[in-house]
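[1] Predicted coordinates and the sequence they were generated for:
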Amino acid sequence: MNFAHVQSRSPFAVLFPLALAGCACYAIAFYPGALNFDSAYQWWQARGHETSNVHGIGMTLLWRVSEWLAHGPGPIFLLQLGLLWCGLLLIAASLPLANAWRVLFLLGAAASPIVFVLFSAVVSDAVLMGLLCCAIGATLWTGRGRGSPMLFLLAIALLLVAVLVRKNAIFAVVPLAILAADRGFFAAGRRRVLFVGLSAAGLLYASSLLLERTVDRRLTMFAATALWDLAAISIAVDELLLPPSTHPAETNVADLRRDFAVYANTTIFAGPSGLIEPFLNVDDPLNAEILRSWIAAVRGHPGAYWAHRWQVTRGLFGSKQADWPRELVYFSETTQYRDNPALPASTGKVREWFLAQFEARRSSEIFAAWPYLLLALLATLSVWHRRESPLAKAALAVATSGLLYAAPLPFVAPSMELRYVGWPCLAGIISVAIAICAVRGQTQIAMENDLSD
């Protein structure tokens, strides 16, 4: 590439063809995207069957829109790709960098191992990553000139869909809503910006709760994770601590030990130990019984609980063991759920080559999330004392978004699936790029002041 020529051209003239080509190449390689169980279940709901709040209601709504266009995951696969590349394009074009560095950021972020592998499947986590990335891009583009309430509203609309798509997205959305308010209303004071940003985030969350009440069956999700924790503690202390009404009378610790897996909670419910279906109606009294047992077990055996959760944390943010299921890292097949239409298997030499690379490296450190969290921490530390500058605020907001999203996962994650940490990883890359620009800008200003003196 002729970098001198690239430097002289406008950002969009350089970046748009690359983003379009990158998106097209990815679509050619992986279209229509692999389909995991959760996505297959959401598709089944969207096709007119009983809806629930087990997953974000936004994904069911997106699947319904998708069905108007074509059956299967294809439209949503293209949507998540388009959101990702559009967001990265806007971010790259907004950064005060030479075009060559913009190109490096655009391609480097899209091709980073965790981002690359997660976007080969249709999952709500990838849709969330695309939405948040696009919201950041719209927000940064707003900040290139005067504040734009219209672009602020666009960013808020994207954040609303993000909250609807993933039930825990509010942790990531709050810092980005405040950033959008700051960029959209430049003349406003700090208190007004915080009020607008927090109010917007609160309204987004309230809207998601209201929409969630429209589903056919409202369920609780805590029991699934609590029973997994109780099974782990029971095995560690060799005492059955689960409530009697959650399992057959003959179930014992040996049964739990046989069915238990350290990497996911699903095996204890699918195995012959006979544990109940963990998704209970919100008014089921068994919820309170499970909660009381969980609290008693954690208080009575804190060492066993923290050992279990530390093991989950290591597997979630670190590399996965080779003998664990590959679905913890990537999906390669289309899950068939009940009466969903059968979909043709994805084929192609390019796709098969990439899947072979995923398989060969799925237990290596390149699919570990902790380096990306470290990037977010470094971005935060590098701009903290410059936090009044616009770019520093943006870097802090993006880094905080990723870190807040990751913070509850060690305590609530029901498995070690890589997709759960997708947004913290992408946020780490974006925050570092913005932080570098913030540091460079402050350094240049300092040098100019020294020269003027």
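    That came through, no problem. No experiment lies behind these values; they were computed from the predicted model shown.

[2] helix, strand or coil for Ile276?
    coil (DSSP: H, G, I helix; E, B strand; the rest coil).

[3] Who are the contact partners of Thr225?
    Going by CB atoms under 8 Å, 6 or more residues apart in numbering, Thr225 touches Asn265, Val412, Ala413, Pro414. (C-beta placed from N, C-alpha, C; glycine too.)

[4] domain assignment for the chain?
    Listed domain ranges for the chain are 9-216+348-368, 219-317 (source: automatic domain parsing).

[5] Would you mind finding the most buried of these?
    domain 9-216+348-368 (a mean of 20; mean count of other CB atoms under 10 Å).

[6] what separates that one from the chain centre, distance-wise?
    The chain centroid and the centroid of domain 9-216+348-368 are separated by 9 Å under CA atoms, centre = their mean, to the nearest Å.

[7] what ranges do the strands span in the stretch 301-450 of the chain?
    Counting by DSSP state E, counting those that start in this stretch, the stretch 301-450 of the chain has no strands to list.

[8] in it, which ranges drop under the pLDDT threshold?
    Residue ranges of the stretch 301-450 of the chain with pLDDT under 70: 442-450.

[9] the helices in it, which residues?
    302-317, 349-361, 370-383, 390-406, 409-412, 422-452 (DSSP state H, counting those that start in this stretch).

[10] Turn these into JSON lines, including distance to Arg326.
    Converted to JSON lines, these look like this (distance: least, CB to CB, whole Å):
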{"stretch": "helix 302-317", "distance to Arg326": "14"}
{"stretch": "helix 349-361", "distance to Arg326": "6"}
{"stretch": "helix 370-383", "distance to Arg326": "20"}
{"stretch": "helix 390-406", "distance to Arg326": "23"}
{"stretch": "helix 409-412", "distance to Arg326": "21"}
{"stretch": "helix 422-452", "distance to Arg326": "17"}
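
[11] Out of the ones you listed, which gets nearest to Met150?
    If you check each of the helices of the stretch 301-450 of the chain against Met150 by CB to CB, helix 390-406 wins as the nearest, at 18.8 Å.

[12] Make JSON lines from the domains of the chain and add distance to Tyr337 to it.
    As requested, the domains of the chain are exported to JSON lines (distance: least, CB to CB, whole Å):
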{"stretch": "domain 9-216+348-368", "distance to Tyr337": "4"}
{"stretch": "domain 219-317", "distance to Tyr337": "15"}
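
[13] per-stretch mean pLDDT over these, give me the minimum one.
    Here the lowest mean pLDDT among these goes to domain 9-216+348-368, at a mean of 91.

[14] coming back round to it: any of the contacts of Thr225 buried? List them.
    Asn265, Ala413, Pro414 (16 or more other CB atoms under 10 Å).

[15] from the residues you listed, which is closest to Phe119?
    Closest approach between the buried ones among the contacts of Thr225 and Phe119, by CB to CB: Ala413, at 20.8 Å.

[16] Count the neighbours of Leu373 for me.
    Counted with other CB atoms under 10 Å, the neighbours of Leu373 add up to 20.

[17] Provide a list of residues in contact with it.
    Phe317, Gly402, Leu403, Ala406, Pro424, Cys425, Gly428.

[18] could those residues be laid out in CSV, adding distance to Ala270?
    Output for those, formatted as CSV (distance: CB to CB, whole Å):
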residue, distance to Ala270
Phe317, 26
Gly402, 32
Leu403, 34
Ala406, 28
Pro424, 29
Cys425, 29
Gly428, 34
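
[19] Could you point out which of the helices of the stretch 301-450 of the chain sits nearest Arg190?
    Short answer: helix 390-406, nearest of the helices of the stretch 301-450 of the chain by CB to CB, at 10.5 Å.

[20] Alpha carbons of the closest one, as PDB, please.
    Output in PDB follows, covering the C-alpha atoms of helix 390-406 (Å, rounded to 0.1, in the frame of the first residue of the first chain):
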ATOM      1  CA  PRO A 390     -12.700  15.100  24.800                       C
ATOM      2  CA  LEU A 391     -10.700  12.100  23.600                       C
ATOM      3  CA  ALA A 392      -9.600  11.200  27.100                       C
ATOM      4  CA  LYS A 393     -13.300  11.200  28.100                       C
ATOM      5  CA  ALA A 394     -14.100   8.900  25.200                       C
ATOM      6  CA  ALA A 395     -11.300   6.500  26.100                       C
ATOM      7  CA  LEU A 396     -12.400   6.400  29.700                       C
ATOM      8  CA  ALA A 397     -16.100   5.800  28.800                       C
ATOM      9  CA  VAL A 398     -15.300   2.900  26.400                       C
ATOM     10  CA  ALA A 399     -12.800   1.300  28.800                       C
ATOM     11  CA  THR A 400     -15.300   1.600  31.700                       C
ATOM     12  CA  SER A 401     -18.100   0.200  29.500                       C
ATOM     13  CA  GLY A 402     -16.000  -3.000  28.900                       C
ATOM     14  CA  LEU A 403     -14.800  -3.300  32.400                       C
ATOM     15  CA  LEU A 404     -18.300  -2.800  34.000                       C
ATOM     16  CA  TYR A 405     -19.700  -5.400  31.600                       C
ATOM     17  CA  ALA A 406     -17.000  -7.800  32.700                       C
END
